[in-house]
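Visitor: Fold the stuff below for me.
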Amino acid sequence: MGDDVPLVSLISLLTVLLLLSAFFSGSETALMSLNRYQLRHKAREGHRGARLAEILLKRPDRLIGLILLGNNLVNFSAASLVTLIAQDIGGKPAVAVGTGIFTLIVLVFSETAPKTLAALHPERVAFPAAMIYFPLLKITYPFVWLTNACANGVLFLFGVRSSHTELQALTREELRTVVHEAGSRISGQYRTMLLSILDLEKVTVDDVMVPHNEIIGIDLDDNDAEIEKIVSNSQHTRLPVYRDNIDEVIGVLHLRKLANLAKQEMTKVTLQRLLTEPYFVPEGTPLSTQLVQFQRRRERIALVVDEYGDIQGIVTLEDILEEIVGEFTTDPADDGEDVVSEGSNTFLVDATANVRELNRSQDWELPTDGPKTLNGLIVELLETIPAPGTSLKVNGYPIEIVEADDNRVRTVRVGQRDDVPAAPE
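Guide: Residues are numbered from 1 along each chain as shown. Next up, the predicted model:
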């Protein structure tokens, strides 16, 4: 054959085969390196190359069979050509030298370089390649099918079953990683909101509710002047109505219903007619569940009860939304700061403050899997109500009791976190 075909033609054909080998090698790496979620997104947007690549990757055994069939065909053909070219140039002694040079060229220009390029820019290589592979697979399907049948038969003997590959759903923690690594593609505010949404199942109504002792409502046992004062000064649009104490709640009053009433018409009897049935939810309900329940029942406020039916607090739709987007209202009743800086490393903290709110506002890492308030956290750790001057460490944060009374800690001083958390002193 070497005597019949010019040497230049053989070298030209060898060059074409090496380029085809580079194409098969690089496109294989590119297609297998594609981000499946980005691929699906581009396919849904109508990108033709992405749509074809997604179809091909649904049966990776067929795609790999096609690529290997083409790659091996051109590589073996190229090896045969090298032998002919070497014999034409230097006879049989040149074959060994030609084989060595050919191996180096294939390794560098047909394997390493194209695969590295494909790994760095998979979409640039994979999408055009998919437009070639899609019709090529239809043409060579009988050969590919036979190759895959043999390969799957061997795998079957070893207990491996081939099947269609579906895009697996991400877990919540995997989604958190994706959001974290989105970087500048998502603003910090939106990233925080997305992470808060993913955490809704971890947070319960107990974490965001207004506790029992802080509930503001209307006691029908009070006189009319006191009730009118509560209504006038209320910063909330809905108030629970009860007799004697909040555990005897009889309904919820929407203050907007009082707008059309004259002052002389606002009596206890009138108020009771305007009440709606109270909505009770069990403590420990995840916020994700409660948000859905609020939407289904068209409610905005719920009373949280324990296993004995005693009211533990009130949770509102606003509380859940603020858990996602952060504080978006200003309550004059909460004008007092829970945290007051004493310097660069120490803070005076109201011990009744919610631990999760402290972590969020101060970027601390106090434990949130136990008591909801800093006072409860301290009392649980020490198993007693400490006297002023007592010191302890909570998850590495030095805490000094500044003010306390007979039944609770009122004010503490929190210092900068140590590298290694220590046990209470």
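Visitor: Let me know the secondary structure of Ser80.
Guide: Under DSSP: H, G, I helix; E, B strand; the rest coil, the three-state class of Ser80 is helix.
Visitor: distance of it from Phe102?
Guide: Using CB to CB, to the nearest Å, Ser80 is found at 11 Å from Phe102. Bear in mind the C-beta positions are built from the backbone N, C-alpha and C, glycine included.
Visitor: Same question for Ile401.
Guide: As judged by CB to CB, Ile401 and Phe102 stand 80 Å apart.
Visitor: my guess is Lys257 contacts Leu274, does it?
Guide: Yes: assessed by CB atoms under 8 Å, Lys257 is found in contact with Leu274 at 4.6 Å.
Visitor: neighbour count winner among these two?
Guide: Leu274 (17 against 14; other CB atoms under 10 Å).
Visitor: Dump stretch 355-362 to CSV, restricted to CA.
Guide: The C-alpha trace of stretch 355-362 is given here as CSV (Å, rounded to 0.1, in the frame of the first residue of the first chain):
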residue,chain,number,x,y,z
VAL,A,355,-30.8,32.8,71.6
ARG,A,356,-31.5,32.5,67.8
GLU,A,357,-32.0,36.2,67.5
LEU,A,358,-28.7,36.8,69.3
ASN,A,359,-26.9,34.5,67.0
ARG,A,360,-28.5,36.2,64.0
SER,A,361,-27.9,39.8,65.0
GLN,A,362,-24.4,39.3,66.6
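Visitor: Which of the residues in it are classified as buried?
Guide: Buried residues in stretch 355-362, counted by 16 or more other CB atoms under 10 Å: 355-358, 362.
Visitor: Please apply the same query to stretch 173-193.
Guide: 179, 186, 192-193.
Visitor: What is the helix or strand where Glu357 lies packed up against?
Guide: Assigned by DSSP states H and E, Glu357 belongs to helix 355-362. Contacts defined by 3 or more CB pairs under 8 Å, 6 or more residues apart in numbering; DSSP states H and E place helix 355-362 against strand 339-341, helix 374-382.
Visitor: Give me the residues contacting the helix or strand following the first one.
Guide: Translated: strand 339-341. Sequence order places strand 347-350 as the next helix or strand after strand 339-341, per DSSP H and E. The contact list for strand 347-350 (CB atoms under 8 Å, 6 or more residues apart in numbering) reads 336, 338-342, 358, 362, 374, 402, 410-414.
Visitor: cool, stretch 365-378 as well?
Guide: 206-207, 211, 349-356, 358-359, 379-380, 386, 392, 394-397, 399, 401, 408-410, 412, 417.
Visitor: quick one: low-confidence parts of the stretch 151-300 of the chain?
Guide: For the stretch 151-300 of the chain, the stretches flagged by pLDDT under 70 are 161-170, 183-184, 261-265.
Visitor: Tell me which stretches of it form helices.
Guide: Taking DSSP state H, counting those that start in this stretch as the test, the helices found in the stretch 151-300 of the chain are 172-180, 188-198, 205-208, 224-233, 268-273, 287-297.
Visitor: how about those helices in TSV, adding distance to Val304?
Guide: Output for those, formatted as TSV (distance: least, CB to CB, whole Å):
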stretch	distance to Val304
helix 172-180	25
helix 188-198	20
helix 205-208	5
helix 224-233	21
helix 268-273	23
helix 287-297	9
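Visitor: Mean neighbour count, those: which tops it?
Guide: Per residue and on average, the most neighbours among the helices of the stretch 151-300 of the chain fall to helix 205-208, with a mean of 20 (mean count of other CB atoms under 10 Å).
Visitor: Using the record, which stretches count as separate domains in the chain?
Guide: Domain assignment for the chain by automatic domain parsing gives 7-157, 205-332, 336-414.
Visitor: Distance to Leu198 added to the ones you listed, as CSV?
Guide: As requested, the domains of the chain are exported to CSV (distance: least, CB to CB, whole Å):
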stretch, distance to Leu198
domain 7-157, 16
domain 205-332, 10
domain 336-414, 15
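Visitor: So which of those domains is nearest Thr171?
Guide: Comparison of the domains of the chain against Thr171 by CB to CB identifies domain 7-157 as nearest, at 13.7 Å.
Visitor: for that closest one, the distance to its chain's centre please.
Guide: Its chain's average C-alpha position is 37 Å from that of domain 7-157, according to CA atoms, centre = their mean, to the nearest Å.
Visitor: out of everything not next to it in sequence, what's closest to the residue positioned nearest the centre of the chain?
Guide: The chain has Arg176 as the residue nearest its centroid, 2.6 Å off, counting by CA atoms, centre = their mean. Leaving out its chain neighbours, the residue that sits closest to Arg176 by CB to CB, 6 or more residues apart in numbering is Leu198, at 5.6 Å.
Visitor: And the one you found, how far from Val292?
Guide: 16 Å.
Visitor: Name the residues of the longest strand along the chain that come out as buried.
Guide: Secondary structure of the chain per DSSP state E: the longest strand is strand 245-254. Of the residues in strand 245-254, 246, 249, 251-253 count as buried by neighbour count, 16+ other CB under 10 Å.
Visitor: my read: Leu275 touches Val241, true?
Guide: Yes: in this structure, Leu275 is within contact of Val241 by CB under 8 Å, at 5.7 Å.
Visitor: Can you check which residues contact both of the two?
Guide: Applying CB under 8 Å, 6+ apart, one finds that Leu275 and Val241 are jointly contacted by 250-253.
Visitor: Which of Leu275 and Val241 has more residues huddled nearby?
Guide: Taking neighbours as other CB under 10 Å, Leu275 and Val241 compare with Val241 leading, 23 against 17.
Visitor: check contacts around that one.
Guide: Applying CB under 8 Å, 6+ apart, the residues near Val241 are 217-218, 220, 249-253, 271-272, 275.
Visitor: sorry, back to before: of Ser80 and Phe102, which one has the most company?
Guide: Shown here are Ser80 and Phe102; by other CB under 10 Å, Phe102 has more neighbours (20 against 13).
Visitor: now Ile132: how far from Asn260?
Guide: The separation that Ile132 has from Asn260, given CB to CB, amounts to 74 Å.
Visitor: Which of these two has more residues huddled nearby?
Guide: Ile132 (12 against 7).
Visitor: sorry, back to before: and the buried ones among the contacts of stretch 365-378, selectable in ChimeraX?
Guide: The following ChimeraX line selects those of the contacts of stretch 365-378 that are buried, judged by 16+ other CB under 10 Å:
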select :206,207,349,350,351,352,353,354,355,356,358,379,386,392,394,396,397,399,401,409,412,417
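Visitor: how distant is the longest strand of the chain from the center of its chain?
Guide: Worked out by CA atoms, centre = their mean, strand 245-254 lies 39 Å from the chain centre.
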